[in-house]
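> could you work out the structure for the sequence below:
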Amino acid sequence: MDNLRYIRQTMERAGSFTAVPGLGGVLMGCTALAAAGVAASQADAGRWLAVWVAEAGLAILIGIAAAAHKSARAGMPLLSAPGRKFVAGFVPAMAAGAVLTLVLFRAGALAFLPGVWLLMYGASVVTGGAASVRVVPLMGSCFMAAGVLALLGPASWGNLLLAAGFGGLHILFGVVITVKYGG
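Next up, the predicted model:
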């Protein structure tokens, strides 16, 4: 029994985090598209920011709930060894993005936020995705590319690139993950 437990633990540590939620990604993309529409109609930069911060909170809740559901269906704990590796890779860049959001807001440099958010989220997905299936780091790279475009392009592209990234990329990769890796 000890040998079987050792083999199971070794395989779990070496495995990929497959609980990345495809359907959850699609839902996150849909809420991001709605947020982009609402944010675009805000006359005040503070309200625009509030819409996107609320969307980020909603997306986090959707992502956690969908990953937990997918893990439960697979009969694997959400925070298995690969799951913990995913979180350990994902959280640092997200935390850095949160700090940069506060700094840029305080400096009145909100035009940089779309690029920073897309770039930092992409970095989170790439590093977290190193413990996942191949398509996840690819998705992160696409978010990073959108972030670079937002940072180097005109500020007027910001909300549109947020919609394309957090909306379109989540929907696109969510469908791919759902089809190839289930739910």
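
> how about stretch 138-158: buried residues?
Residues 139, 140, 142, 143, 144, 146, 147, 149, 150, 151, 157, 158 are the ones in stretch 138-158 that count as buried (16 or more other Cβ atoms under 10 Å). For glycine as for every other residue, the C-beta is placed from the backbone atoms N, C-alpha and C.

> list just the nearest of the residues you listed to residue 167.
residue 146 (10.8 Å; Cβ to Cβ).

> give me the mean pLDDT for the biggest helix by length in the chain.
Taking DSSP state H as the criterion, the chain has its longest helix at helix 45-74. Mean per-residue pLDDT for helix 45-74: 90.

> after that helix, which helix or strand is next? Please name it.
Downstream of helix 45-74, the next assigned helix or strand under DSSP states H and E is helix 81-106.

> which strands and helices sit next to that next one?
Judged by 3 or more Cβ pairs under 8 Å, 6 or more residues apart in numbering; DSSP states H and E, helix 81-106 is in contact with helix 2-14, helix 45-74, helix 113-129.

> what stretches of the protein score poorly on pLDDT?
Low-confidence segments of the chain (pLDDT under 70): 1-19, 81-82, 183.

> can you tell me the closest non-neighbouring residue to residue 124?
residue 93 (4.1 Å; Cβ to Cβ, 6 or more residues apart in numbering).

> is it correct that the one you found is in contact with residue 118?
No - using Cβ atoms under 8 Å as the test, residue 93 is too far from residue 118 to be in contact (11.6 Å).

> between these two, who's got more neighbours?
A direct count of neighbours by other Cβ atoms under 10 Å for residue 93 and residue 118 places residue 118 higher, at 28 against 20.

> would you mind measuring from the more buried one to residue 84?
Using Cβ to Cβ, to the nearest Å, we find residue 118 at a distance of 26 Å from residue 84.

> ok, residue 39 next?
34 Å.

> export the one helix or strand residue 34 maps to as CSV, just CAs?
Using DSSP H and E, residue 34 falls within helix 22-40. Below are the C-alpha coordinates for helix 22-40, written out as CSV (Å, rounded to 0.1, in the frame of the first residue of the first chain):
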residue,chain,number,x,y,z
GLY,A,22,-13.1,26.0,-20.7
LEU,A,23,-16.7,26.8,-20.1
GLY,A,24,-15.7,29.1,-17.2
GLY,A,25,-13.4,30.9,-19.7
VAL,A,26,-16.2,31.3,-22.1
LEU,A,27,-18.4,32.8,-19.3
MET,A,28,-15.6,35.1,-18.2
GLY,A,29,-15.2,36.2,-21.8
CYS,A,30,-18.9,37.0,-22.0
THR,A,31,-18.9,39.0,-18.8
ALA,A,32,-15.8,40.9,-20.0
LEU,A,33,-17.6,41.8,-23.3
ALA,A,34,-20.5,43.2,-21.3
ALA,A,35,-18.1,45.1,-19.0
ALA,A,36,-16.3,46.6,-22.0
GLY,A,37,-19.7,47.9,-23.3
VAL,A,38,-20.6,49.4,-19.9
ALA,A,39,-17.1,50.8,-19.4
ALA,A,40,-17.1,52.5,-22.8
